[in-house]
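Enquirer: Predicted model, plus sequence, below.
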Amino acid sequence: MSAHLKPAEPRSPAHDLPLDRINVSQPELFRTNSFWPYFERLRRDDPVHFCAESDYGPYWSVTKYADIMAVDTNHQTFSSEASLGGITIRNQQQDFLLPMFIAMDPPKHDKQRKVVSPIVAPENLERLEGTIRSRAAKMLDELPVGETFDWVDRVSIELTTQMLATLFDFPFEERRKLTRWSDVATAIPGFGIVDSEEQRRSELLECGAYFTQLWNERVNSEPKGDLISMMAHSDVTRNMEPREYLGNVILLIVGGNDTTRNSITGGVVALNENPDQYRKLCDNPSLIPNMVPEIIRWQTPLAHMRRTALCDVELKGKQIRKGDKVVMWYVSGNRDEEAIENPNAFIIDRAQPRRHLSFGFGIHRCVGNRLAEMQLRIVWEEILKRFRKIEVMGEPERIYSNFVKGYASLPVRIVR
């Protein structure tokens, strides 16, 4: 078991708390990386667990792989609808509702998703591969060797933001706006990114205004292959309300940014905590395509997804009532020993590395999952061509969030 997974003290309070007092939704558990024993306890003692009191109201936690699959693939019973609260444990604010296709049920979900999915079709990914590779190469060549720098800012954010700017055909020199809007959309007010809901709202409205300008340019010109042009020229999406357009933009920004960004950092952390695997990788770079899904499982860049029960339903003998909040903890399902052999270990030549929940399942399975894998594969291919090791020089600073499981910074040094 890696040091990363051991509780900070000999015995975590997770083992002694009465079950009904366990509340895994506290962001501080994720910031301090101390949530693992809580999920181990729930998987063992109460896999479908009711928490009566939390900052987000009462909610059910689903913590085992098979049960998460059962909820994720049953959209007839478990809804993603924004007007019912959406897809995170924190309810969407009903007075500032941003509908987006991930927070919709069929048939509307299916139609809107279909509009943007050609951007990640295999032939388009083939076209993007050269662009991603040349950018990754340039970025890595510009890194300082032998001195400490922040990997998150210099590599993870930069690579994913450049990719996002390309997918939107967004002004390249202003691409860090995308990073900012992604952070603002998912941040908990009062913890470093935004101070209040009002600030979040006003920054997201700025995002909406900026993207409306881009929409107006695209809708009045010939259709092209970028995401905004696709939405502007499709019968399904061309008449979206402004809030719905903004909702979909935010979804595409967060989806294209947070997950890949945190997996690029997570890979460096995982390899440093498992030096035997790092040596295995250096000895055999052909393991990269197998390692990529293992990084995504091990990191689980989004800790949870939430649904709302549309009717009374029984799960694992528990009675879930219509309207109840049901949280699928992907981060727990990806460590379920009944579904994944030796799940706490990071194994780059694992036999079935794609057996993980990080992309979700069913109709809401991540639309950009192959693009995310491609970016990770390319960045590691280019790293191994250049550097013997990327050495972690201190503790990673983790994000204060129970949704985005990621890193604010990671000090590293490159060894030639």
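Expert: Received the coordinates, thanks.
Enquirer: buried residues in the lengthiest helix in the chain?
Expert: Counting residues, the longest helix found in the chain (DSSP state H) is helix 242-273. Within helix 242-273, the residues that count as buried by 16 or more other CB atoms under 10 Å are 243-273. From N, CA and C alone the C-beta is placed, and that goes for glycine too.
Enquirer: What of stretch 306-322?
Expert: Buried, per 16+ other CB under 10 Å, within stretch 306-322: 306-310, 313, 315, 320.
Enquirer: Span of that stretch from start to end?
Expert: Taking CA to CA, to the nearest Å, stretch 306-322 runs 14 Å from one end to the other.
Enquirer: for stretch 101-111, same thing?
Expert: Rule used - CA to CA; the end-to-end distance of stretch 101-111 is 9 Å.
Enquirer: I'd like the distance from stretch 139-157 to the chain centre, please.
Expert: Relative to the mean C-alpha coordinate of its chain, stretch 139-157 is positioned 22 Å out (CA atoms, centre = their mean, to the nearest Å).
Enquirer: ah, wrong one, I meant stretch 249-262
Expert: Centroid separation between stretch 249-262 and its chain, computed with CA atoms, centre = their mean, is 7 Å.
Enquirer: Could you do stretch 328-341 as well?
Expert: From the chain centre to the centre of stretch 328-341 is a distance of 16 Å (CA atoms, centre = their mean).
Enquirer: quick thing: my sequence starts at 48, can you match it?
Expert: Got it, first residue is 48 now, which makes that one stretch 375-388.
Enquirer: as a whole number, average confidence for that stretch?
Expert: In this model, stretch 375-388 has an average pLDDT of 98.
Enquirer: circling back: with pLDDT and distance to S268 added, can I get the buried residues of stretch 353-369 in a markdown table?
Expert: What follows is the buried residues of stretch 353-369, written out as a markdown table (pLDDT from 0 to 100; distance: CB to CB, whole Å):
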| residue | pLDDT | distance to S268 |
| --- | --- | --- |
| R353 | 98 | 39 |
| R354 | 98 | 39 |
| T355 | 98 | 40 |
| A356 | 98 | 45 |
| L357 | 98 | 42 |
| V360 | 98 | 49 |
| L362 | 97 | 50 |
| I367 | 98 | 49 |
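Enquirer: for L145, phi and psi?
Expert: phi -120, psi 90 (degrees, to the nearest 10).
Enquirer: Burial check on it, number of neighbours?
Expert: 22 (other CB atoms under 10 Å).
Enquirer: ok, now how distant is the nearest residue to it once chain neighbours are set aside from L144?
Expert: Leaving aside its sequence neighbours, L145 sits nearest to G294 (CB to CB, 6 or more residues apart in numbering; 3.5 Å). G294 is 8 Å from L144, where distance means CB to CB, to the nearest Å.
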